[in-house]
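**Student:** take a look and give me a structure for this.
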Amino acid sequence: MGGRVGGLSHKIYCETRGIKVGGGQPVKEGAMLTRQGDHWKPGVNVRGRMHLSAACAGTVYFTKKRIRKTGKVDTFVNVRAAVEVKA
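**Tutor:** The predicted structure is shown next:
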């Protein structure tokens, strides 16, 4: 006997991977930005390696940077911090 039990879970899991927010969207602190992807690198106010999350509340923006050694272009996910006005 062998094989996988419940093959449906694999289909659902594949659909939940990837980027979770778009550029310009507001996020809260600790919000999940990406899941299981090395297409995106952590930038400003972002934590994690494979699962990127916001380190502070703000809006999301993306930047691209060319890596000198390899010559490839990496996409960085950043969070612009929301400025709180104190009265």
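**Student:** please name the nearest non-neighbouring residue to the residue nearest the centre of the chain.
**Tutor:** Taking Cα atoms, centre = their mean, the centroid of the chain lies closest to Thr34, which sits 2.8 Å from it. With sequence-adjacent residues excluded and distances taken as Cβ to Cβ, 6 or more residues apart in numbering, Thr34 is closest to Leu52, at 4.4 Å. Glycine gets a C-beta too; all of them are placed from N, C-alpha and C.
**Student:** who's in contact with that neighbour?
**Tutor:** 32-34, 40, 42, 46, 77 (Cβ atoms under 8 Å, 6 or more residues apart in numbering).
**Student:** out of those residues, grab the one that's most surrounded.
**Tutor:** Most neighbours among those, by other Cβ atoms under 10 Å: Val77, with 25 neighbours.
**Student:** that residue contacts Val60, doesn't it?
**Tutor:** Yes. Between Val77 and Val60 there is a contact at 6.7 Å, judged by Cβ atoms under 8 Å.
**Student:** shared neighbours of these two, which are they?
**Tutor:** Leu33.
**Student:** still on that earlier bit, and of the contacts of Leu52, the nearest to Gly23?
**Tutor:** Gly23 lies nearest to Val77 out of the contacts of Leu52, by Cβ to Cβ, at 9.3 Å.
**Student:** and the closest one, what helix or strand is that in?
**Tutor:** For Val77, the host element (DSSP states H and E) is strand 73-81.
**Student:** run the chain-centre distance for that strand.
**Tutor:** Here the centre of strand 73-81 is set off from its chain's centre by 9 Å, with Cα atoms, centre = their mean, to the nearest Å.
**Student:** buried ones in that strand?
**Tutor:** For strand 73-81, burial by neighbour count (16 or more other Cβ atoms under 10 Å) applies to 76-79.
**Student:** just checking, what packs against it?
**Tutor:** Judged by 3 or more Cβ pairs under 8 Å, 6 or more residues apart in numbering; DSSP states H and E, strand 73-81 is in contact with strand 40-42, strand 46-47, strand 58-66.
**Student:** what's the burial count for the residue nearest to Gly22 when sequence neighbours are not counted?
**Tutor:** Spatially, and ignoring its direct neighbours in sequence, Gly22 is nearest to Val60 (7.1 Å; Cβ to Cβ, 6+ apart). When neighbours are counted by other Cβ under 10 Å, Val60 registers 23.
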